[in-house]
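>>> everything below, folded, please.
(one chain, ligands or ions: 1)
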Amino acid sequence: DKIVLTGIKPTGQVHVGNYIAAIKPALQIAQNSHCTALYFVADYHGLTFIQNRESFNELSYGIAATWLALGLNPEKVIFYRQSDVPEIFELSWILSCLAPKGLMNRAHAYKAVVDKNEQLGLDMDAGVNMGLFTYPILMAADILLFQTDEVPVGKDQIQHVEIARDLAEAFNRNYGETLKLPSYIVDDQTAVIPGLDGRKMSKSYNNTIPLFESAANLKKLISRIKTDSTAPHEPKDPDSSNIFLLYKEFASAAQVEELRDNFHSGISWGDAKQELYQVMNAYLEQPREKYHKLMASRDEIDEILSAGAKKARAMAQPLLEQVKHKIGRYR
Ligand code: TYM
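Reported below is the predicted structural model:
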């Protein structure tokens, strides 16, 4: 069985980009193929950004409820909170002792802050905590601890999976073949989901469509998606349209073909947005309800996550022991 693993950090509401690039493919893989799937709330990654108790707590539950509402089956998927698996943090330390600092200097989350600070004329490390700086090492530990084969993610995480490979190689070179080199799974079509303004949809750009907005807000947000100035009755190119790109993810094959024809025969942007709203709302209506139910009483989430953490720890412990053996912790 291959091992598939992915995580989402609780730094904002789960949005359509997270869903399309990570959650949807991950749930499909877990359902269809022979694999052991490990999906988790990357809460200690979120802590690098969210240091308010209530928000951190609320957002973490939100991630868990989202996966469950979208159909994650806890019988099939090992579903846990990162912070409930201390083995991850122990491996993270061991890996950090093998990680060249220069590799972290080039990691893009950190580099983005440095570049911005330089533009603003600030100290290069202003606002950077060590958690953000070593973020890719913790992510490598998430992945390597379970001998992961495949990591379904969006394009922005490719570099992090490559760093995990680099660190596994560094370990293996020094101590002998131990850690498996993971690969990422990124679908070309959905590698970067655009946000309302056309830039990458991102919690930090404030341009997201949260997955479980109310129907009314969903409609409002969709109406704000930026479109070009093609006149209402002119033919439009579906394949360069962000509206069509989102529509494809939530509509049936027949609906997609119909909208494609309507683009060619000159549907207005307003009507195209209305179509998008309708399929998205229909698709999300039930999960949204389930999400609010799960969030109202958190007992079910707690139970599932703690059972998941137990399984994850049982899986992780033998490898961590092996790693400790290799580095010279035992006779
Ligand atoms: P996070 O929480 O930022 O995002 C979760 C997932 O959503 C993807 N994503 C997108 N994909 C396409 N278009 C977008 N606009 C878009 N925005 C977000 C991300 O690529 C990601 O797959 N570091 C990770 C969390 C993490 C993790 C891991 C992932 C921690 N440990 C181990 C995989 C394996 C992160 O910040 O994702």
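
>>> how about the residues of the protein near the ligand?
5-9, 17-18, 21-22, 42, 45, 139, 142-143, 151, 153-154, 156-157, 160, 192-193, 200-202 (CB under 6 Å from any ligand atom). In this view, the C-beta of every residue, glycine as well, is placed from N, C-alpha and C.

>>> which members of those residues occur in helices, if any?
If you go by DSSP state H, these have 17-18, 45, 139, 142-143, 160 in helices.

>>> burial measure for the residue in the stretch 51-200 of the chain that the ligand sits nearest to, as a count.
Residue of the stretch 51-200 of the chain nearest the ligand, by CB to the nearest ligand atom: residue 154 (2.1 Å). Neighbour count for residue 154, taken as other CB atoms under 10 Å: 22.

>>> can you offset everything so residue one is 512?
Done: numbering now begins at 512, and the last item shifts to residue 665.

>>> which ones are touching it?
Residues near residue 665 by CB atoms under 8 Å, 6 or more residues apart in numbering: 528-529, 532-533, 697, 701-704.

>>> in TSV, list those along with pLDDT, neighbour count and distance to residue 602.
Output for these, formatted as TSV (pLDDT from 0 to 100; neighbours: other CB atoms under 10 Å; distance: CB to CB, whole Å):
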residue	pLDDT	neighbour count	distance to residue 602
528	97	24	29
529	98	25	25
532	97	27	26
533	97	23	22
697	97	21	25
701	92	20	30
702	96	15	28
703	97	17	30
704	97	24	31
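
>>> can you put those residues in CSV and add distance to residue 785?
Output for these, formatted as CSV (distance: CB to CB, whole Å):
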residue, distance to residue 785
528, 22
529, 25
532, 25
533, 28
697, 31
701, 23
702, 27
703, 25
704, 20
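
>>> all helices of the stretch 612-761 of the chain, in order?
Using DSSP state H, counting those that start in this stretch, the helices found in the stretch 612-761 of the chain span residues 612-616, 619-630, 641-644, 646-655, 669-686, 726-734, 753-761.

>>> before we move on, back to that, list phi and psi for the residue of the stretch 562-711 of the chain closest to the ligand.
phi -80, psi 170 (degrees, to the nearest 10).

>>> how much space between it and residue 535?
According to CB to CB, to the nearest Å, residue 665 and residue 535 sit 11 Å apart.

>>> just to revisit the earlier point, let's see if you can find the most crowded of the ones in helices among the residues of the chain next to the ligand.
Result: residue 654 is most packed of these (other CB under 10 Å), 32 neighbours.

>>> where does the stretch 712-842 of the chain get nearest to the ligand, residue-wise?
Proximity of the stretch 712-842 of the chain to the ligand (CB to the nearest ligand atom) peaks at residue 712, 3.6 Å away.

>>> give me the pLDDT for that residue.
As predicted, residue 712 sits at a pLDDT of 97.

>>> what's the pLDDT at the closest residue to residue 524 other than its chain neighbours?
In space, and not counting its chain neighbours, residue 524 is closest to residue 721: 3.8 Å by CB to CB, 6 or more residues apart in numbering. Listed pLDDT for residue 721 reads 98.

>>> surely residue 721 meets residue 526?
Yes - if you go by CB atoms under 8 Å, residue 721 and residue 526 touch, sitting 5.3 Å apart.

>>> strands of the chain, start to end?
In the chain, the strands defined using DSSP state E lie at 513-519, 546-552, 588-592, 661-663, 694-696.

>>> ok, residues contacting the fourth one?
For strand 661-663, the external contacting residues (CB under 8 Å, 6+ apart) are 513-517, 532-533, 536-537, 540, 654, 668, 672, 675, 693-697.

>>> 10 Å - rerun?
513-518, 532-541, 544, 546, 548, 550, 650, 653-654, 668-669, 671-672, 675, 693-698 (CB atoms under 10 Å, 6 or more residues apart in numbering).

>>> which of these are buried, as a PyMOL select command?
Filtering the contacts of strand 661-663 down to the buried ones (16 or more other CB atoms under 10 Å) takes a single PyMOL command:
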select buried, resi 514+515+516+517+518+532+533+534+535+536+537+538+540+541+546+548+550+650+653+654+668+671+672+675+693+695+696+697
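
>>> how many other residues sit next to residue 832?
For residue 832, the count of nearby residues is 13 (other CB under 10 Å).

>>> tell me the contacts of residue 797?
With CB under 10 Å, 6+ apart, residue 797 has these contacts: 580-582.

>>> the closest residue to residue 729 other than its chain neighbours and residue 594, how far apart?
In space, and not counting its chain neighbours, residue 729 is closest to residue 792: 6.0 Å by CB to CB, 6+ apart. Distance of residue 792 to residue 594, computed by CB to CB: 34 Å.
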